[in-house]
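# quick one, what's the 3D model for this:
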Amino acid sequence: MQSATVTIPRHAVQQRFRPPKANVPQTPADRHQMLRFIRHYVAEHNPVPPLPLQELKVHADRVVEMLQCDPIQRDYIGVLISNEMWRETLAQVPFERRLLLLPKCLRVESKCPAPFDEFGLLCKQCGLCTIQDLQAEAEKLGYAVLVAEGSAIVMSLIQTGKIEAIVGVSCLSVLERAFPYMEAAAIPGVAVPLLQDDCIDTTVDLDWVWDYIHLSSDDQTRRLDLSALRDEVDFWFTPASLDLIMSNAEGETERIARDWLMRAGKRWRPFLAVAAFQALRETPGAPLPDDIRKLAVAVECFHKASLIHDDIEDDDATRYGEKTLHEEHGLAVALNAGDLLIGEGYRLIGACQAGAGQQAQMLRVASEGQRELCRGQGAELCWARKPEPMTSLQVLDIFRKKTAPAFEVALRLGALYAGTERHEEVETVLRTYSEALGIAYQIRDDLSDLGVKGETNDIAGMRPSLLLAIAHERASGEKKQLLQSLWRRAPQADVNVEQIEALYAELKADERARALLETYKEEGIRSLRELENASLKGLLRRVIGKIFNDTEIKGWCKEFEQKNAAQRSAATVVASQSE
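You can find the predicted model right below:
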């Protein structure tokens, strides 16, 4: 196998992965639902900022009751309500009149070389944490940036009259202390709570911070409800909608292929095509034209065809918790259905009422993506003929070739339909963004396949996996020999999946994979730096947050928790004395 050409971004070695500490269980779906609910709540009740803290807590209590969630989440809900109230106001404030306030606990305390002055930390640009990137990006836009714990400094800056809006990253306790100063000065402020309850070496939802940093009235897509847009795309894959978009199915072969097209799936690729079009069109809020539906369905046709063929080549028996198409209908029928879907994709592109130049470019982009995807799959198939251990770079290169092209095709088709000139302006960025997005997406799939309940377990299926590559690179002695036997598709009879995954944990292969996932997500965000189109830049940043909506914001700063405990203890003493 040829050496891989994929590169690991700069932060891959330095990135820390520390899962959120969970005082309150909260799944990503819970968080997503909560944010959507609060946006509708603010739109319906229209609370006018600035609200006194007690009045904000009244709204938060109301939302807690309506959502029937744990009351410990009230302060987090209050932050979300406040953010939504100020969001549009913040968008109108010029970047050079804004302050980005970062906490010093984002640094790696044991290794950080940065000194402090009376205003806070003086970053040395060592690259060990995310402070450097956030500060550099914000200052490039025109922000004032401080890395310090906030309340006193915030007050002094507000009094200068030079700061008209604040984007703050902090634990909930510091946000609570700073709130009265901002409320009294009527300063628009949005906040991103930290993901841990420690006071050192903490992390933050990076793409959320970037979303707020770049929020601007120039971004015409900032009001787009991406969840509603995704729901609409999902609706296009119902039987009646597909009949309207593709015309009625004729014969058993089309029925089988159409049924597979409608089966479960996240529909991210058609969503990306629509999102790129919405960002680049002149009227982002206008109704979607019929042709973009055809392009979105074409993208999904290509994707579902590739899954049919992958399942055959990998000899997988299940997908989406059901039989694969070749298991259900036989190998020949499945191959034919996959080929039919590829043809349907090109037919739909050709049926769009676009200019001849646009159509030619769309067909070229789709065919080039198909070619690159087959190269990636071919590399894996050639490996399977004579399986040997792969390095993590080689596995990542297969991810780049197998997964990234579908994302690139989707984005570029949407951009091309918005106009060839607009596509030319963003083509390079879309390619770089798609590569990072595709690799991150596949790493997440590797991680989600862990466990016997994983949908397509890579150990049982004996497929190249990033976890297996990392573990093999880190192992020695008998453990390395065992992992080599897995690579060579000759596992030992007395070794099961649970034991291999325990070895992954022991060698911290899963931790390293999660760090790489965060790194490539960050690389996707960073690739948008030079993008001049504010609408596309803002929307693609939010798309990363939407696809990888897997962070859980919960927990309390230890300092705040200790204060609460002390207050509860004092209250108990008073109560006992009054009895």
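
# where does the stretch 351-500 of the chain have low pLDDT?
451-462, 491-495 (pLDDT under 70).

# if we use 90, what do you get?
353-357, 376-388, 402, 445-465, 477-479, 481-500 (pLDDT under 90).

# show me the strands in it, by range?
Taking DSSP state E, counting those that start in this stretch as the criterion, the stretch 351-500 of the chain contains no strands.

# and if you look at the stretch 1-150 of the chain?
Using DSSP E, counting those that start in this stretch, strands in the stretch 1-150 of the chain cover 98-102, 116-117, 120-121, 144-147.

# count of neighbours near residue 189?
29 (other CB atoms under 10 Å). Just so you know, the C-beta spots here come from the backbone N, C-alpha and C atoms, and that holds for glycine as well.

# what residues are up against it?
82, 86, 90, 165-168, 182 (CB atoms under 8 Å, 6 or more residues apart in numbering).

# ok, so of these, who is nearest residue 290?
Nearest to residue 290 among those: residue 90, at 36.2 Å, using CB to CB.

# surely that closest one and residue 187 touch.
No - between residue 90 and residue 187 no contact is recorded; they are 10.1 Å apart, counting by CB atoms under 8 Å.

# shared neighbours, the two?
residue 165.

# ok, now which ones touch residue 407?
Applying CB under 8 Å, 6+ apart, the residues near residue 407 are 268-269, 272, 434, 437-438, 441.

# now it, nearest residue through space, not along the chain?
residue 434 (4.2 Å; CB to CB, 6 or more residues apart in numbering).

# next one: that neighbour from residue 419, what distance?
19 Å (CB to CB, to the nearest Å).

# which of these two has more neighbours?
Using other CB under 10 Å, the more surrounded residue of residue 434 and residue 419 is residue 434, with 26 against 17.

# the more buried one contacts residue 400, doesn't it?
No - checked against CB under 8 Å, the pair residue 434 and residue 400 is beyond contact range at 9.6 Å.

# before we move on, back to that, distance of the residue nearest to residue 407 from residue 375?
Applying CB to CB to residue 434 and residue 375 gives a distance of 16 Å.

# next: residue 404.
12 Å.

# what about these two, which has more around it?
Higher neighbour count among residue 404 and residue 375: residue 404, with 27 against 13, using other CB under 10 Å.

# might one say that the more buried one is in contact with residue 432?
No - between residue 404 and residue 432 there is no contact under CB under 8 Å: 9.9 Å.

# weakest of the strands of the stretch 1-150 of the chain in terms of mean pLDDT?
Note on these: lowest mean pLDDT is at strand 116-117, with a mean of 58.

# where do the domain boundaries of the chain fall?
When the chain is parsed with automatic domain parsing, its domains come out as 22-220, 221-353, 386-536.

# dump the residue contacts of residue 102.
131, 134-135, 145-147, 169.

# beta-bridge partners for it, please?
Using DSSP bridges, the bridge partners assigned to residue 102 are residue 147.

# show the pLDDT at the closest residue to residue 36 other than its chain neighbours.
The shortest distance from residue 36 to any non-neighbouring residue, by CB to CB, 6+ apart, is to residue 227 (5.8 Å). We have a pLDDT of 82 for residue 227.

# is it true that residue 227 touches residue 39?
No - if you go by CB under 8 Å, residue 227 and residue 39 don't touch, sitting 9.3 Å apart.

# between these two, which one's more packed in?
residue 39 (17 against 14).

# so how far is residue 471 from residue 506?
Counting by CB to CB - residue 506 and residue 471 are separated by 9 Å.

# of these two, who's got more company?
residue 471 (28 against 12).

# how about that one: what's its closest non-neighbour residue?
Nearest non-adjacent residue to residue 471, counting by CB to CB, 6+ apart: residue 509, 4.1 Å away.

# next one: phi and psi at that neighbour?
phi -70, psi -40 (degrees, to the nearest 10).

# gap between it and residue 475?
Residue 509 is 9 Å from residue 475, where distance means CB to CB.

# cool, thanks, signing off.
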